[in-house]
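Participant: sequence-free structure coming up:
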């Protein structure tokens, strides 16, 4: 598995461990973003959320702890998250996994073992996310192609990203603010009605047979079949 394409956000408040992880993963051809507290990690994530492929997350952080950070990320994204922590109780592990973590590794750990866990999670995620489908919609993530009722849809990159986000969050009521942050980025300063414009374009292009994007009055949208 080639690691050179992957961007990893390492969240760790121990400066020596953060430096060691950064050095090791960089040598292994990962691109590393480092954060030493929860708020810094959240800011980094949202400034670069479309590029980050994996988060290594310590739980015991100053300010916003790792569990709070994990839940905040999960409101917007299914990016793979591996918890790295000294907490090894069954309750802590269950809390981490139930909050949306993909894996849980207790400290101390060997860097080669951590790397193997990372590769396994990234490989599993890549296999699971090559294609998406819902009703009469099919999306090829590798080929960046949308098919509606068997016909190829000519979509812009932003339309593609928004439709993918809707399908990945099927049956959830999403506010315009949530959609804007997730698809346009946390630091986007444009008009919130941009979401409405892109939704209108998507509805027109996928046609009435695929009318899965439902307006929720005063809130935003919900993608659901039927």
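Facilitator: Everything's here; your move. Predicted, not measured: the structure shown is a model, and the values here were computed from it.
Participant: in the protein, which ranges drop under the pLDDT threshold?
Facilitator: 1-5, 49-50, 126-129, 186-189 (pLDDT under 70).
Participant: and if we set it to 80?
Facilitator: 1-5, 48-51, 87-93, 96, 124-131, 142-143, 185-190, 226 (pLDDT under 80).
Participant: quick one: the helices in it?
Facilitator: 15-27, 38-47, 66-74, 90-98, 111-128, 157-168, 176-179, 194-206 (DSSP state H).
Participant: which parts of the last one are buried?
Facilitator: Applying a neighbour-count criterion of 16 or more other CB atoms under 10 Å, the buried positions in helix 194-206 are 194-195, 198-199, 202, 205-206. C-beta: built from backbone N, CA, C; applies to glycine.
Participant: burial count for residue 136?
Facilitator: 17 (other CB atoms under 10 Å).
Participant: ok, now the one 10 residues further on?
Facilitator: Residue 146 is flanked by 23 other residues according to other CB under 10 Å.
Participant: tell me the contacts of the residue nearest to it when sequence neighbours are not counted?
Facilitator: Closest residue in space to residue 146, ignoring its immediate chain neighbours: residue 153 at 4.1 Å, by CB to CB, 6 or more residues apart in numbering. Shown in contact with residue 153 (CB atoms under 8 Å, 6 or more residues apart in numbering): 146-147, 205-206.
Participant: residue 138 touches residue 147, doesn't it?
Facilitator: Yes: the pair residue 138 / residue 147 is scored as a contact, 4.4 Å apart, by CB atoms under 8 Å.
Participant: break this structure down into its domains, please.
Facilitator: Residue ranges for the domains of the chain, per automatic domain parsing: 7-128, 131-223.
Participant: ramachandran coordinates for residue 219?
Facilitator: phi -120, psi -60 (degrees, to the nearest 10).
Participant: oops, could you answer that again for residue 99 instead?
Facilitator: Note on residue 99: backbone dihedrals following degrees, to the nearest 10 are phi -80, psi 0.
Participant: equivalent analysis for residue 88, please.
Facilitator: Torsion angles, degrees, to the nearest 10, at residue 88: phi -120, psi 10.
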